[in-house]
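1. What follows is a predicted structure for the sequence shown.
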Amino acid sequence: MDQAPAINTSPGKWLPAVLVAWLIPGGGHFLLKRPGRGGLIAASVAAMFLLGLMMRGALFTPQGNDLLTMVIYYGGFVGDLMSGLLYFLTVWLGYAQPDVAGHVHDYGTKFLVGAGLLNVLAMVDAFEIATGKKD
Amino acid sequence: MPKMNLSHFEAAVLFALFTSVVLGIITKKTDRERVRYAAYCFGCFIAAIFGLSWLMYLGHG
């Protein structure tokens, strides 16, 4: 009978990998010695984020008085933030695109949030690898 | 930073491509399964793009 893999959920085991995975997309996988997967994640997230910038997408800032606006803007802000250093560098370098009408800008905004959400999936994957839930 | 102008189709295909790659990587255990699942997801995205595009076109009248 197959034995279940040993699962270690102590924060010392997974926290560094998840933090690195957040700050540097794909970095968690590199830290866990999965360079192939890490490289593909890094390329996908970075390309999506850079395309979002080139399409002049807007970065969300927390705001709103009514519930729907708050959910959209706070959710979008968290999504943007999940790209880690890509987001911080973009803000520190002064990128400030206003939210304007047009399908290219709109796609750009979605690409920026999408990059962060893909990085969240990569962080979860890094967590599962670090804790031994998957290889 | 250069500015990029993409059509709806080009942007949606690029979104599908990157999302499929990450979904393939994180959901499956072997490289073969990952490639197959990424290709499957990409195919589903493309089918949805064409299907919804036609639906909107026909629904618009």
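-> On my side now, so go ahead. Residues are numbered from 1 along each chain as shown, chains lettered A, B, ... in the order given.
2. what's the spacing between B:V35 and chain A?
-> 11 Å (CB to the nearest CB, to the nearest Å). Bear in mind the C-beta positions are built from the backbone N, C-alpha and C, glycine included.
3. Then B:M1?
-> Counting by CB to the nearest CB, the separation of B:M1 from chain A is 6 Å.
4. what about that residue, is that helix, strand or coil?
-> Secondary structure state of B:M1, per DSSP: H, G, I helix; E, B strand; the rest coil, is coil.
5. residues near it, how many?
-> Using other CB atoms under 10 Å in any protein chain shown, B:M1 is surrounded by 10 other residues.
6. my read: it touches A:G52, true?
-> No - using CB atoms under 8 Å, B:M1 is not in contact with A:G52, being 10.9 Å away.
7. So for residue 5, what's the pLDDT?
-> This is for chain A. pLDDT for A:P5: 63.
8. Sorry, I should have been clearer: chain B.
-> Note on B:N5: pLDDT of 88.
9. how many neighbours does the closest residue to it other than its chain neighbours have?
-> Excluding its sequence neighbours, the residue lying closest to B:N5 (CB to CB, 6 or more residues apart in numbering or on different chains) is A:V104, at 5.6 Å. By other CB under 10 Å, the residues close to A:V104 number 19.
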